[in-house]
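Need coordinates for the following:
(2 chains)
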Amino acid sequence: MEQFSDSKPTVQYSIITFENWRKSVRPMWKWIEDYHWIPIINNPYGMVQYQGLEVFERTLLFPIAASFDGRQVGWSLVYNISDTAIRVRGVYVLPEARGLGVGTGLYDFALSLWPEPWNRYVGYYDEKSLELFSRTWDLKPVPGYEWRTRVVPGQSSSEGKIRLCFKEIRRANVTS
Amino acid sequence: MSRRELANRFILEQLSTYGLNGSNTLKNPPANFPEGHKAPGQTFSVGDHFKFGYSGESFGFRKSSTCMYWTDYETPRRALKPLREELIEAAQEILNSADDLSFVYTGSPYSRVLARVMAEVSSSIRKSVRVILPGDDGAGDLQKCLERDLAQVREHRCAFEPRPFSWSDFENFLDRSTRELRAVDPLIAFSVFFAETGRDTHIFEAHWPRVADQNFDPIQRKSIGPVNWCLEDRESDTEAARHMMVGGVAGWPNFLLTTPEIYPSLFKSVLGKKVDDVSLEVQARALSAMGLASESPEEWNHLSRRLGSYEPLLESLSPKAREVWLTPMDRLMEKWNLGALDVGSRNTEVYGTVF
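Residues are numbered from 1 along each chain as shown, chains lettered A, B, ... in the order given. Okay, here's the model as predicted:
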C-alpha cells in the first residue's frame, strides 16, 4: 500500500454519499457482518433531543472523507442531535495515513459544515483519545459526567471506559 | 434573523439532500421483510394518537435494512383525570367500539389491570368480555388468580374461557409468525396466538412504558451524570399492530395506549418524586389505582419465565428487528404540559435545544 511519509501531502475534505461512507468505515463495525446493516444514525445514551417525526424533519447528516490526491484515506459522519448541538460519529483513518492530522482535519471539516445556531459539539471519548484531542483540539470533558463503561451493541463484553466531552464551535466574526 | 430562523433555514435548504430520507442518504437494498398495509378505517388507538413506523412513514413495515423505527405521542385532548378514571374511560372507549371483545389473562400486571378495569366497566355498559385463560400442565390455575383480582367487583360481565394449549403448538406458531411478522416478543406473540383462533376484537398483551436513565451505568452500577430519563419504545412493542395489518383484523394492540391521556396520567402519578425505577413505579401506581395487590401471582412468574426462554430463539430467527427508539422524557413531559420527572439539570444544557 502507498505510504504518505515522504512529504506532507495536501489533504482535501469533502462530503460523500452515505453509501460510500458506510462501505469505507465497515472495519469499525466488526460486529456487523454486512455493511448494509450499519444504521444511518444512532442515539448513544439518549443524546438525540428530537422526538417523533422531528428526527426525520430536522436531522441532517453529512458523511465526509479526507483524500490525498483523490484517494480517500479517512472518513467520518456528522449530524445534529438538536437545533444547537452536533455529534461526530466516529473518525476512521487508514493505518498508513495516521499521524498526519487527518483525524483532527476531519473533525474541523465536520464542524465547519454547521452555521449558527449550532454552537456545540458533544461526543464520547476513551482516555487515550481524550488526552490527544484535549491537547490538539480543545476538547473538554462535560462537567458533572464521569467515566462510563462502553457497551458495544451485540457484544456481551464491555470495552473500556468512555467519557462525555464537548467543544464549543467558534466561528470567525463575519460582521463588518 | 433569530436562532430559530437560522436553524429552520439551514435545515430547509439541506433536508432534501442530506436529511435522513435525503437523496445522499438512502440507497438501501430491500430487507426482504414482510409487508402489510393499514386497512382503511383500521385504527390502533383512539384517533391513532400513538404513531409508529419506519423512516418517517406512519404505520408501515420495515422495508430496508436501515429503516429507522420511530414512535410519536400526541398531547392529551383535555385536562388529565386521576389515573383510575383515565383507565376506566379507556375501557369504556374499547367496550363501546365493538360487540365481541376478548383478551388473554396471563396474570401479568398489565393483564391484571386490564381485567379489573374491564370487569368494572362491563357491568355499567352492559357488555360482556371474553377472558381467555390459557392452561397447560405447568401454568397452574390462572382462573383462581383472576377471581382473586375481581373479588371486589360486585357485578361484572366477564365470561371466563379456559383455553388448553400445548407448548409445541405455540412453538409452531412462533416459527410461522416470526417469518410473517419478524416477531421477537414472546409475550405479545402469546397473545396473538390465542387471538388468531377467535373472531373477536382482541385487546392484546403489551408492556408497561419503559423509562430508563441513560446516565446510569449498569456495569459500574452507578450514575455517571445528571439523570437523563428516556422513554424506550421497542420495535417489537408494535408487533400486535403489524399482525392486525397483515390480517386486516380489528383490535387494540395496547390498552395503555388506548387514549392519549393514559401515558401522561401514568407519568403524572410519579411527577417530582425521587424514584429509582420509573417503569416499576408507574406499574405499581396503576395496580394500586385499581385496588390490586402489587405481588404478581406465581402462575405469571412461571409463564413469564417460560416465555422468556424463547427470546434467544426468536432473536436468532429474526435478527435486526429489535430497534429501540428513545424519546427524551424532558421533551415528552413538556409536550404533555407536565413538569420534570425528576429534580436535576435539564439535558438541553448538554445536548442542546430544539426550537
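
tell me which parts of the stretch 1-150 of chain B are close to chain A?
Selection of the stretch 1-150 of chain B residues close to chain A by Cβ under 8 Å from any Cβ of the partner chain yields B:3-4, B:6-7, B:10-11, B:14-15, B:18-22, B:24-29, B:51, B:55-56, B:65-66, B:68, B:70-73. The C-beta positions use only the backbone N, C-alpha and C, and glycine is treated the same way.

Filter those residues down to just the ones in helices.
In this view, these that belong to helices under DSSP state H are B:Arg3, B:Arg4, B:Leu6, B:Ala7, B:Phe10, B:Ile11, B:Gln14, B:Leu15, B:Tyr18.

Go ahead and confirm the second one touches B:Val354.
No. The pair B:Arg4 and B:Val354 fails to qualify as a contact (Cβ atoms under 8 Å) at a distance of 9.9 Å.

Let me see the ranges of the helices in chain B.
B:3-18, B:83-97, B:109-125, B:142-149, B:167-181, B:186-195, B:239-247, B:262-268, B:278-289, B:298-308, B:311-317, B:329-335, B:348-351.

now these as a markdown table including mean neighbour count?
As requested, these are arranged in a markdown table below (neighbours: other Cβ atoms under 10 Å in any protein chain shown):
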| stretch | mean neighbour count |
| --- | --- |
| helix B:3-18 | 15 |
| helix B:83-97 | 20 |
| helix B:109-125 | 22 |
| helix B:142-149 | 18 |
| helix B:167-181 | 16 |
| helix B:186-195 | 24 |
| helix B:239-247 | 23 |
| helix B:262-268 | 24 |
| helix B:278-289 | 19 |
| helix B:298-308 | 16 |
| helix B:311-317 | 15 |
| helix B:329-335 | 20 |
| helix B:348-351 | 20 |
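
Identify the residues contacting B:Glu196.
B:Phe173, B:Gly247 (Cβ atoms under 8 Å, 6 or more residues apart in numbering or on different chains).

Roughly how far does it sit from B:Asp169?
Separation of B:Glu196 from B:Asp169 (Cβ to Cβ, to the nearest Å) stands at 11 Å.

Of all the helices of chain B, which one is nearest A:Thr136?
Of all the helices of chain B, the one in closest proximity to A:Thr136, counting by Cβ to Cβ, is helix B:348-351 (23.0 Å).

all helices for chain A, in order.
A:18-24, A:54-58, A:102-112, A:127-136.

For B:Trp300, which of these is the nearest?
It's helix A:54-58; of those, that one is closest to B:Trp300 (Cβ to Cβ) at 36.1 Å.

average pLDDT for the closest one?
For helix A:54-58, the mean pLDDT works out to 97.

Mind checking if that helix is in reach of chain B?
Yes. Counting by Cβ under 8 Å from any Cβ, contacts between helix A:54-58 and chain B involve A:Glu54, A:Val55, A:Phe56, A:Glu57, A:Arg58.

Next, count neighbours for the second one.
Spelled out, that is A:Val55. 25 (other Cβ atoms under 10 Å in any protein chain shown).

For the nearest residue to B:Arg234 once chain neighbours are set aside, give me its contacts.
Take B:Arg234 and drop its neighbours on the chain: the residue closest to it by Cβ to Cβ, 6 or more residues apart in numbering or on different chains is B:Val324, 5.3 Å away. Neighbouring residues of B:Val324 by Cβ under 8 Å, 6+ apart: B:Tyr69, B:Glu232, B:Asp233, B:Arg234, B:Glu235.

So which of those residues belong to strands?
When strands are assigned by DSSP state E, the members of the contacts of B:Val324 inside them are B:Tyr69, B:Glu232, B:Asp233, B:Arg234.

right, and out of those, which lies closest to B:Ser97?
For these, the nearest to B:Ser97 is B:Asp233 (24.0 Å; Cβ to Cβ).

quick one: which of the helices of chain A is nearest A:Glu96?
Closest to A:Glu96 of the helices of chain A, according to Cβ to Cβ: helix A:102-112, at 10.6 Å.

Beta-bridge partners for the residue nearest the centre of chain A, please?
Note on chain A: the residue nearest the mean C-alpha position is A:Val88, at 2.9 Å, using Cα atoms, centre = their mean. A:Val88 has these beta-bridge partners by DSSP bridges: A:Val78.

Let me know whether it touches A:Asp108 as I believe.
No. The pair A:Val88 and A:Asp108 fails to qualify as a contact (Cβ under 8 Å) at a distance of 10.4 Å.

thinking again about what came up before, per-residue confidence for the residue nearest to B:Arg234?
Looking at B:Val324, its pLDDT stands at 92.

Please determine how far it is located from B:Met333.
Distance, B:Val324 to B:Met333, by Cβ to Cβ: 20 Å.

quick one, strands of chain A?
Going by DSSP E, chain A shows strands at A:11-15, A:61-68, A:71-80, A:85-93, A:120-125, A:140-141, A:148-151, A:158-168.

Please tabulate those strands in a markdown table, including the columns mean pLDDT.
Formatted as a markdown table, the strands of chain A follow (pLDDT from 0 to 100):
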| stretch | mean pLDDT |
| --- | --- |
| strand A:11-15 | 96 |
| strand A:61-68 | 97 |
| strand A:71-80 | 97 |
| strand A:85-93 | 93 |
| strand A:120-125 | 96 |
| strand A:140-141 | 97 |
| strand A:148-151 | 90 |
| strand A:158-168 | 90 |
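
Select, out of those, the one closest to A:Phe133.
Per Cβ to Cβ, nearest to A:Phe133 of the strands of chain A: strand A:120-125, 6.7 Å.

Not counting its own residues, what contacts that closest one?
A:44-45, A:47, A:81, A:84-88, A:111, A:133, A:139, A:142, A:148, A:150, A:162-169, B:350-352.

Sheet partners, orientation included, of it?
Counting by DSSP bridges, the strands paired with strand A:120-125 are strand A:85-93 (parallel), strand A:158-168 (antiparallel).

buried stuff in the first one?
Residues of strand A:85-93 classed as buried: A:Ala85, A:Ile86, A:Arg87, A:Val88, A:Arg89, A:Val91, A:Tyr92, A:Val93 (neighbour count, 16 or more other Cβ atoms under 10 Å in any protein chain shown).

Likewise for stretch A:41-56?
By 16+ other Cβ under 10 Å, the buried positions in stretch A:41-56 come out as A:41, A:43-56.

So which of these is the closest to B:Glu35?
A:Phe56 (19.7 Å).

Touching, the closest one and B:Trp70? I think so.
Yes. If you go by Cβ under 8 Å, A:Phe56 and B:Trp70 touch, sitting 7.4 Å apart.

sorry, back to before: can the ones in helices among the residues of the stretch 1-150 of chain B next to chain A go into a markdown table with extra columns for pLDDT?
Below are those laid out as a markdown table (pLDDT from 0 to 100):
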| residue | pLDDT |
| --- | --- |
| B:Arg3 | 96 |
| B:Arg4 | 96 |
| B:Leu6 | 97 |
| B:Ala7 | 98 |
| B:Phe10 | 98 |
| B:Ile11 | 98 |
| B:Gln14 | 98 |
| B:Leu15 | 98 |
| B:Tyr18 | 98 |
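
From the residues you listed, pick the one nearest B:Leu303.
B:Leu15 (47.4 Å).

So the closest one sits against A:Phe56, correct?
No. Look at B:Leu15 against A:Phe56 with Cβ under 8 Å: they stay out of range, at 9.1 Å.

could I have stretch B:294-304 exported to PDB, CA atoms only?
Taking C-alpha atoms only, stretch B:294-304 is exported to PDB below (Å, rounded to 0.1, in the frame of the first residue of the first chain):
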ATOM      1  CA  SER B 294     -48.700  -5.400  44.000                       C
ATOM      2  CA  GLU B 295     -47.400  -9.000  44.200                       C
ATOM      3  CA  SER B 296     -47.600 -11.000  40.900                       C
ATOM      4  CA  PRO B 297     -49.100 -14.500  41.100                       C
ATOM      5  CA  GLU B 298     -46.800 -17.400  40.900                       C
ATOM      6  CA  GLU B 299     -48.600 -18.500  37.800                       C
ATOM      7  CA  TRP B 300     -47.500 -15.400  36.000                       C
ATOM      8  CA  ASN B 301     -43.900 -15.800  37.200                       C
ATOM      9  CA  HIS B 302     -43.900 -19.300  35.800                       C
ATOM     10  CA  LEU B 303     -45.400 -18.200  32.500                       C
ATOM     11  CA  SER B 304     -43.100 -15.200  32.200                       C
END
